[in-house]
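Novice: got a sequence here, can you build the structure:
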Amino acid sequence: MNIGMHARRFEGIHRPYPQADVEDLAPCELGPGGQEALAAAERQVRQALAMRAELAEPAAPYNVELDPDPAVALFQLAAVAPLGPVDHQRLLEAEDPSVLLAMLDDLMSEEIAVLASRLAGN
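Specialist: Numbering: from 1, shown residues only. I've put the predicted structure just below:
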């Protein structure tokens, strides 16, 4: 299953390459407390990006500009988060914004701990 986003969210159902059936997904809307969770996720992602820069590792710039629309900014954060491709795919496959934010929080907490250890010389 591949999920993408442009002007709308959609899911591509696998078929023999290069074909796919595409289904529209419900629009992404942050629920109660979503703005606060998005702000916390943004702080974590930016911290991890800054730590990666300090280690001279490739990553998006920590001061990357996000879209003012929270639904778009959420997916931008998921895209620039310093994670591997499997974790990025898991984030994109989250069907609910609160699930995506919770997963991003967990993944970024782990990544920040690893980066902090590396910066300390461990």
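Novice: longest helix anywhere in the chain?
Specialist: helix 97-119 (DSSP state H).
Novice: where exactly do the strands run in this structure?
Specialist: 2-5, 9-14, 20-24 (DSSP state E).
Novice: related to what we said a few turns ago, now the longest helix of the chain: buried residues?
Specialist: When neighbours are counted by 16 or more other C-beta atoms under 10 Å, the buried residues of helix 97-119 are found to be P97, L100, L101, M103, L104, L107, M108, E111, I112, L115. Every residue, glycine included, has its C-beta placed from N, CA and C.
Novice: kindly report the same for stretch 69-83.
Specialist: P70, A71, A73, L74, F75, Q76, L77, A78, V80, A81, P82, L83.
Novice: among those, which lie within helices?
Specialist: Using DSSP H, those in helices are P70, A71, A73, L74, F75, Q76, L77, A78, V80.
Novice: pretty sure the last one is in contact with P58, am I right?
Specialist: Spelled out, that is V80. No - assessed by C-beta atoms under 8 Å, V80 is found out of contact with P58, at 11.9 Å.
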